[in-house]
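Asker: Sharing a model that was predicted from the sequence below.
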Amino acid sequence: SYGNGDQDSWDDDDDDVSDWNLRKCSAATLDTLATLYKDELLPFLLPILQQSLDAKQPWQVQEAGILALGAIAEGCFQGLQKHLPQLVPYLISLLKHPKPLIRSITCWTLSRYAKWMIGAHEDDSKYFKPLMVQLLQRVLDKNKKVQEAACSAFATIEEEAQGRLIPY
């Protein structure tokens, strides 16, 4: 179960291990489907993702949508590019979400779009700088799993950004 998603229950709840495995398998399957079918999958996925990412949805539904968005990042990248100028700022804003699981999965999802943020834009102030500011704040998050996710995302982004990280 997700528990109530607050800091203490997520750190100490052993039930999360089995959920994470189920979620991890689901994400891996979605990644495989996206790799096989590429953008042909988007007409089916985009309406579901749009609905699940709505802030009016329960946090568990939002989290599943963020996970799915990260899972399809590589396979559906071409078709998703036109949506990224709206999606990336929204995802960056979710790094401040009150639920740790939302913050941690958002770190991972944003790292899956690092190439786009770094390669497509010379102006760091639009995507890269806000990402770095929020991601570095998550490295100092009160939840250790969010800290781990932020460090992992930072390592992925570091591989892509290299010298562009020097100001941060």
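Answerer: Everything's here; your move. Numbering: from 1, shown residues only.
Asker: List the contacts of the most centrally placed residue in the chain.
Answerer: Closest to where the C-alpha atoms of the chain average out (Cα atoms, centre = their mean) is residue 109, at 2.1 Å. Residue 109 makes contact with 66-67, 69-70, 73, 91, according to Cβ atoms under 8 Å, 6 or more residues apart in numbering. For the C-beta atoms, the positions are set from N, CA and C on the backbone; glycine is no exception.
Asker: Of the residues you listed, which is the most crowded?
Answerer: Greatest neighbour count in those, by other Cβ atoms under 10 Å, goes to residue 66: 27 neighbours.
Asker: does it count as helix, strand or coil?
Answerer: Under DSSP: H, G, I helix; E, B strand; the rest coil, the three-state class of residue 66 is helix.
Asker: hang on, it packs against residue 103?
Answerer: No. Taking contacts as Cβ atoms under 8 Å, residue 66 lies outside contact range of residue 103: 10.0 Å.
Asker: Now the common contact residues for these two.
Answerer: Residues touching both residue 66 and residue 103 (Cβ under 8 Å, 6+ apart): residue 94.
Asker: on that earlier part again, let me know the closest of the contacts of residue 109 to residue 131.
Answerer: Each of those was scored against residue 131 by Cβ to Cβ, and residue 91 proved nearest at 8.7 Å.
Asker: The closest one: what secondary structure?
Answerer: From three-state DSSP, the assignment for residue 91 is helix.
Asker: And for residue 126?
Answerer: Taking three-state DSSP as the rule, one finds residue 126 in the coil state.
Asker: Okay, buried residues for stretch 143-159 please.
Answerer: Applying a neighbour-count criterion of 16 or more other Cβ atoms under 10 Å, the buried positions in stretch 143-159 are 143, 145-147, 149-150, 153-154, 156-157.
Asker: In this structure, what residue spans correspond to helices?
Answerer: For the chain, the helices defined by DSSP state H cover 7-12, 16-37, 42-52, 59-71, 77-80, 84-94, 100-112, 114-119, 128-139, 144-161.
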